[in-house]
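Trainee: Have a look; sequence and predicted model below, questions after that.
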Amino acid sequence: MTVTSPTPYSPDELRVVDLVDQLIAENDPNGSRTAFMGAQFDLGLAWVHFPVGLGGLGLPPRYQQLIDTRLDPVTAHRPRFFDVLGHGMGAPMLVAHGNEAQQARYLRPMFTGEEVWCQLFSEPGAGSDVAGLATRAIQDGDEWVVNGQKVWTTVAHIAKWGMLVARTDPDLPKHKGMTYFIIDMQAGGVEVRPLRQITGEAEFNEVYLTDARIPDSNRVGERGDGWRVTLTTLMNERVAIGATPVPRNDGPIGELLEVWAETDGDDSSRDRLMRLWVAAEAARLTNLRAYENRTTGTPGPEGSTAKLVYAELNKKIYEFAVELLGAEGMLYDTYEFIQPDPSEEALVDIRRRFLRARANSIEGGTSEIMKNILGEQVLGLPGEPRVDKAVAWKDVPRS
């Protein structure tokens, strides 16, 4: 009797492996990054769980790790610029709610990095309560005229497109009177002003919209359906921030391990290090399981869980790292005002990481909001009293 060895790959895995090998054979990894990633998109290796023709193969998202594992050795030299807002939020939003023309126009240059995206949700009077936003969009024929102000808009200074939600019917309750748009950030009436952070940088911005015009073809979903599209974007944002799987000992915990080794940590610091490592590893494995079960559309509350854990754990990790540095931890090299470009590889500075981690518990929904979501949607606890749910937005008192 002849015994054959089991096939190392399933048919779907073999298909993915063959496509990755084809990508590498037909495209120079050392050549144009845009061309290489464009070919990756065309072969369905961009977002493997997306439909065929939209950068995917319609396979479970766990196959993306197989793609990355085979591509990393040949593309490791490249600056790892991933448009987190585009890749993590814009792409799933377009697949779930965009029309065919929008998907065909935006997904490929979004993946290749040719067109960077930003998110225009938060406002000075509507941060945690996004649905309370006041930016108005009034229809004028085949266009919409937009006036208002947005704030905390990451990378708006280099973005080509923005995901914008605006008030289109103030006579309806706040969740029902909004519409979702794609806005050209380089169009007339769009002004971007930097917001300097405690790191000295300005990756965040405020954006002023003054009679900015958006063609109706850039409306995503129906008029008044903006909250549903917004919710898809927000839930995917939380997954992108906190639930994207990383290799073991990578990311913040990996940086902490390096600092501990360089500073010759003692037994007491080893105990603290191990507690943080266990927490990071538990979070990583939980995220990996959630990611493998992910589908296109709106993720469940597990994204909020991951985002909350990520934000609070990151702060603890970098606090410990700075403590290990001793007096040197107080010496931040420069507070020079710059507007960073994510496409440029940044040097790892633990002090900067420590300062930047403060934003983790604010961006993408504050930790307090994440706890509310978990309490209501996961634990089934009573929600906080809401007195404005059935009231027209224009009649809701605002400060």
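Mentor: Nice, I can see it. Numbers count the residues shown, from 1 in each chain.
Trainee: Give me the residues contacting the helix or strand hosting residue 34.
Mentor: In this assignment (DSSP states H and E), residue 34 forms part of helix 33-42. With CB atoms under 8 Å, 6 or more residues apart in numbering as the test, helix 33-42 has contacts from 23, 26-29, 46, 55, 71, 75, 78, 107-108, 111-114. Using the backbone N, CA and C atoms, a C-beta is placed for each residue, glycine as well.
Trainee: The closest residue in space to residue 336 that isn't next to it in sequence - how many residues pack around it?
Mentor: Spatial nearest neighbour of residue 336, excluding adjacent residues (CB to CB, 6 or more residues apart in numbering): residue 200 at 5.5 Å. Residue 200 is flanked by 15 other residues according to other CB atoms under 10 Å.
Trainee: Give me the distance between residue 200 and residue 333.
Mentor: Per CB to CB, to the nearest Å, residue 200 is found 10 Å from residue 333.
Trainee: tell me which residues in the helix holding residue 34 are buried?
Mentor: Buried residues in helix 33-42, counted by 16 or more other CB atoms under 10 Å: 33, 36-41.
Trainee: Could you give the backbone dihedrals for residue 209?
Mentor: phi -110, psi 110 (degrees, to the nearest 10).
Trainee: Name the SS class of the closest residue in space to it that isn't next to it in sequence, please.
Mentor: Distances taken as CB to CB, 6+ apart place residue 146 nearest to residue 209, at 4.8 Å, with adjacent residues excluded. What DSSP: H, G, I helix; E, B strand; the rest coil gives for residue 146 is strand.
Trainee: quick one, strands of the stretch 51-200 of the chain?
Mentor: 117-120, 136-140, 143-150, 161-167, 178-184, 190-195 (DSSP state E, counting those that start in this stretch).
Trainee: which of these is buried the deepest?
Mentor: Of all those, strand 117-120 has the most neighbours on average by mean count of other CB atoms under 10 Å, namely a mean of 27.
Trainee: Mind listing residues that contact that strand?
Mentor: Contact with strand 117-120 is made by 83, 85-86, 89-90, 110, 135, 150, 153-156, 159-165, 183, 185, 207, 233, 237, as judged by CB under 8 Å, 6+ apart.
Trainee: So residue 216 sits against residue 143, correct?
Mentor: Yes. Using CB atoms under 8 Å, residue 216 makes contact with residue 143 at a distance of 6.5 Å.
Trainee: re the thing from before, lowest-confidence member of the contacts of helix 33-42, which is it?
Mentor: Of all the contacts of helix 33-42, residue 78 carries the smallest pLDDT score, 58.
Trainee: of the strands of the stretch 51-200 of the chain, which approaches residue 248 most closely?
Mentor: Closest approach to residue 248 among the strands of the stretch 51-200 of the chain is made by strand 117-120 (30.3 Å; CB to CB).
Trainee: Show me how the record splits this protein into domains.
Mentor: Domain ranges of the chain: 11-112, 117-223, 230-378, per automatic domain parsing.
Trainee: As CSV, those domains with distance to residue 396 would be great.
Mentor: Putting the domains of the chain into CSV (distance: least, CB to CB, whole Å) gives the following:
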stretch, distance to residue 396
domain 11-112, 26
domain 117-223, 7
domain 230-378, 18
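Trainee: most tightly surrounded among those?
Mentor: By mean count of other CB under 10 Å, these have domain 117-223 as the most buried, with a mean of 19.
Trainee: end to end, how far does that one reach?
Mentor: Start and end residues of domain 117-223 are separated by 22 Å (CA to CA, to the nearest Å).
Trainee: Rounded mean pLDDT for it, please.
Mentor: 95.
Trainee: Grab the longest helix from the chain for me.
Mentor: helix 267-292 (DSSP state H).
Trainee: Can I take it that residue 258 is in a helix?
Mentor: Yes. Residue 258 forms part of a helix when assessed by three-state DSSP.
Trainee: what about it, distance to residue 252?
Mentor: 11 Å.
Trainee: For residue 212, pull up the helix or strand it's in.
Mentor: Element membership of residue 212, judged by DSSP H and E, is strand 204-215.
Trainee: Please enumerate residues in contact with that strand?
Mentor: 120, 135, 137, 140, 142-157, 162, 164, 181-185, 187-195, 197.
Trainee: Which residues does the helix or strand just after that strand contact?
Mentor: Downstream of strand 204-215, the next assigned helix or strand under DSSP H and E is strand 219-220. For strand 219-220, contacts defined as CB under 8 Å, 6+ apart pick out 93-94, 97-98, 102, 144, 179-182, 229.
Trainee: Go again with 7 Å.
Mentor: Outside strand 219-220, the residues that touch it by CB atoms under 7 Å, 6 or more residues apart in numbering are 97-98, 102, 179-182, 229.
Trainee: quick one on the thing from earlier: tell me what the longest helix of the chain is packed against?
Mentor: Contacts defined by 3 or more CB pairs under 7 Å, 6 or more residues apart in numbering; DSSP states H and E place helix 267-292 against helix 251-262, helix 302-324.
Trainee: quick one, the longest one and helix 251-262 angle?
Mentor: What that stands for is helix 302-324. 20 degrees (axes from the mean of the first three to the mean of the last three CA atoms, to 10 degrees).
Trainee: what's the distance between residue 46 and residue 57?
Mentor: 10 Å.
Trainee: any residues in contact with both of these two?
Mentor: With the criterion set as CB under 7 Å, 6+ apart, the contacts of residue 46 and residue 57 do not overlap.
Trainee: Straight-line length of stretch 90-105, end to end?
Mentor: 13 Å.
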